[in-house]
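>>> Starting from these lines, generate the structure:
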Amino acid sequence: MKTRILVILLAVLAAACTKRNDQAEIDLSVNYEINGKALVTDTLCYENEAGNPFLITEIQWFLSDIKMQNETGEWYLLRQRSMSDTLDASRIFYIDTDLPESQTLHGTKIPADHYTALRFTFGLDEYDNYTGLFSDPPESEMFWPDMLGGGYHYMKLNGKYRNPNGRIAPLAIHLGIGQNEDCTEFYQNYFIVELPIDFDVNANAENRLDLTMVIDNWFRNPHTIDFNEFGSHIMQNQTAQRLLNGNGKDVFRIGKPAENENNIKMKKEARLVEKFNEVMHYATPKPHFWTWENVRQTFEQIKESDKNRS
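Here you go, the predicted structure:
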């Protein structure tokens, strides 16, 4: 009995490690959060770590080279579903709070599998960020002046804040290529984010992950951003660009709210049951000859028997 159960379990594990041929599409739903709550635009209701009251009117930004890693370490690139994969721009997603349709990133098919990490570039790297890549708005309107390095903004976070005189001043957190004072040297300020996930991509199913930008983290960790110093006109301020670059590493969160340990165990067992049933469909002489429940009960009986003998 023990031998047969071990053979079955080995078959289950082997099936779990087998790469599926099924392909499936995946969507990323983009959300924004401040102080643990959903972003409210055009309302002077926020205060940053430096004590600056502020509001946000819009956020326009790029993500590129989004990849997902499966359990065997393979990375799969998500391209725009509506665009030819021969185009450089197919690896780049434009997101705009004023364009609801841009808040869902529609990725091309990847193998149906269990994935453990998601990685992306915030903005555009030096290979993608060149003038003329986009010819049509709204992407083309993200242009970065050629005299400042060319290409495109990584992000425009626009709004207003109250300065020490009590007046409302423009807030323009515009991130992109940096430069020295006389614009003879240029610096790349994009960064790569990698986030752990516990996610199954299933064939013939809606596969969706939530990607949240935690906006207040742009201004507080590890550098406190004072809008009186770095609130606007930072396109030519490489010091401000680097500080915000450093703060960007914990701005993003992936997935749903954290599950408790019991729910995680239930999800893992559900995946194992799925693999078990796939194997049993072909490995047994009759349908339902072996079920996950009777195998589990048999294991419990063996454990109890061994306990009594000892």
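
>>> Residue 183 contacts residue 148, doesn't it?
Yes. The criterion here is Cβ atoms under 8 Å, and residue 183 meets it with residue 148 at 6.5 Å. Every C-beta, even on glycine, is put in place using the N, C-alpha and C of the backbone.

>>> For residue 101, which three-state class applies?
For residue 101, the secondary-structure state derived from DSSP: H, G, I helix; E, B strand; the rest coil is helix.

>>> Residue 84 now?
Assigned with three-state DSSP, residue 84 falls in the coil class.

>>> Quick check: the gap between it and residue 108.
11 Å (Cβ to Cβ, to the nearest Å).

>>> What is the neighbour count of the residue lying closest to residue 68 once chain neighbours are set aside?
Among residues not flanking residue 68 along the chain, residue 115 sits closest, at 4.7 Å (Cβ to Cβ, 6 or more residues apart in numbering). By other Cβ atoms under 10 Å, the residues close to residue 115 number 23.

>>> If residue 115 is in a bridge, with which residues?
Note on residue 115: beta-bridge partners by DSSP bridges are residue 70, residue 199.

>>> Please apply the same query to residue 119.
Going by DSSP bridges, residue 119 forms beta bridges with residue 67, residue 194.

>>> tell me which residues of the helix or strand containing residue 109 are tucked away?
Element membership for residue 109 (DSSP states H and E) is strand 104-111. Under the neighbour-count criterion of 16 or more other Cβ atoms under 10 Å, strand 104-111 has 105, 106, 107, 108, 109, 110, 111 buried.

>>> what helix or strand is residue 56 on?
Going by DSSP H and E, residue 56 is in strand 53-70.

>>> how much distance is there from that strand to the middle of the chain?
9 Å (Cα atoms, centre = their mean, to the nearest Å).

>>> angle of it against strand 104-111?
With axes from the mean of the first three to the mean of the last three Cα atoms, to 10 degrees as the basis, strand 53-70 and strand 104-111 are set at 10 degrees to each other.

>>> need the helices for the stretch 151-300 of the chain, in chain order.
227-230, 238-247, 261-283, 292-309 (DSSP state H, counting those that start in this stretch).

>>> any idea of the mean pLDDT for the first one?
I take that to be helix 227-230. Taken as a whole, helix 227-230 has an average pLDDT of 96.

>>> buried sites along stretch 38-45?
Buried residues in stretch 38-45 (16+ other Cβ under 10 Å): residue 39.

>>> now do stretch 204-214
207, 209, 211, 212, 213, 214.

>>> tell me the contacts of the fourth one?
When contacts are counted by Cβ atoms under 8 Å, 6 or more residues apart in numbering, residue 212 touches 30, 31, 32, 33, 252, 253, 254.

>>> which SS state does the fourth one fall under?
Applying three-state DSSP to residue 33 yields a three-state assignment of strand.

>>> Do you know the pLDDT at the closest residue to residue 45 other than its chain neighbours?
Leaving out its chain neighbours, the residue that sits closest to residue 45 by Cβ to Cβ, 6+ apart is residue 55, at 6.9 Å. Note on residue 55: pLDDT of 97.

>>> Then residue 16?
49.

>>> Touching, the residue nearest to residue 45 and residue 47? I think so.
No. Residue 55 is not in contact with residue 47 according to Cβ under 8 Å; the separation is 10.5 Å.

>>> which among the buried residues of stretch 204-214 gets closest to residue 176?
Nearest to residue 176 out of the buried residues of stretch 204-214 is residue 213 (Cβ to Cβ; 17.2 Å).

>>> Now do the contacts for the closest one.
Contacts here follow Cβ under 8 Å, 6+ apart; on that basis residue 213 touches 30, 31, 32, 33, 59, 251, 252.

>>> Distance of it relative to residue 38?
Taken as Cβ to Cβ, the span from residue 213 to residue 38 is 11 Å.

>>> anything in contact with each of these two?
31, 32.

>>> Flag the shaky bits of the stretch 201-310 of the chain, pLDDT-wise.
256-297, 299-301, 303-310 (pLDDT under 70).

>>> could you redo the last one with a cut-off of 50?
The model of the stretch 201-310 of the chain has pLDDT under 50 over residues 257-267, 270.

>>> could I get the buried residues of strand 104-111 as JSON lines with distance to residue 94?
As requested, these are exported to JSON lines (distance: Cβ to Cβ, whole Å):
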{"residue": "105", "distance to residue 94": "10"}
{"residue": "106", "distance to residue 94": "12"}
{"residue": "107", "distance to residue 94": "14"}
{"residue": "108", "distance to residue 94": "16"}
{"residue": "109", "distance to residue 94": "21"}
{"residue": "110", "distance to residue 94": "21"}
{"residue": "111", "distance to residue 94": "26"}
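
>>> so which of those residues comes closest to residue 139?
Taking Cβ to Cβ as the measure, residue 139 lies nearest residue 105 of those, at 14.0 Å.
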